[in-house]
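Engineer: when you get a sec, could you give me coordinates for this:
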Amino acid sequence: MTVARDFAETIGLQALTWLAANEDLLPVFLGATGASETDFRTGVGQPEFLGSILDFILMDDAWVQQFCDANSLTYDTPYKARQMLPGGEQVNWT
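Structural biologist: Presented below is the predicted three-dimensional model:
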């Protein structure tokens, strides 16, 4: 595993922890993704699941700001981390 991938997974774990502590947003994530609370707990070791959490947070600028402010991260960090996790590659349609 590369340093970049380790970094991305660390950011994903921070996002998971932040989302788990957010009583208002966690049910929205579970409802939007169809994930159960069990899936949420077992997703800790799955880079794909961590990527889905980052995808969710990246849907709303306010969520990105809240997450980054809570973790002392720059606002582009979740996006950069998402690109390094499975499924986060940018698609070139040309």
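Engineer: just checking, what packs against whichever strand or helix holds Asp69?
Structural biologist: For Asp69, the enclosing helix or strand under DSSP states H and E is helix 61-71. Packing partners of helix 61-71 (3 or more C-beta pairs under 8 Å, 6 or more residues apart in numbering; DSSP states H and E): helix 3-21, helix 47-57, helix 77-84. All C-beta spots, glycine's among them, are computed from the backbone N, C-alpha and C.
Engineer: other SSEs contacting the helix or strand bottoming out on mean pLDDT in the chain?
Structural biologist: One helix or strand of the chain scores below all others by mean pLDDT, DSSP states H and E: helix 37-42, with a mean of 87. Secondary-structure packing of helix 37-42 (3+ C-beta pairs under 8 Å, 6+ apart): helix 25-33.
Engineer: still on that earlier bit, and the helices and strands packed on helix 61-71: which comes nearest Gly34?
Structural biologist: Evaluated over those, closeness to Gly34 peaks at helix 47-57, with 10.5 Å, by C-beta to C-beta.
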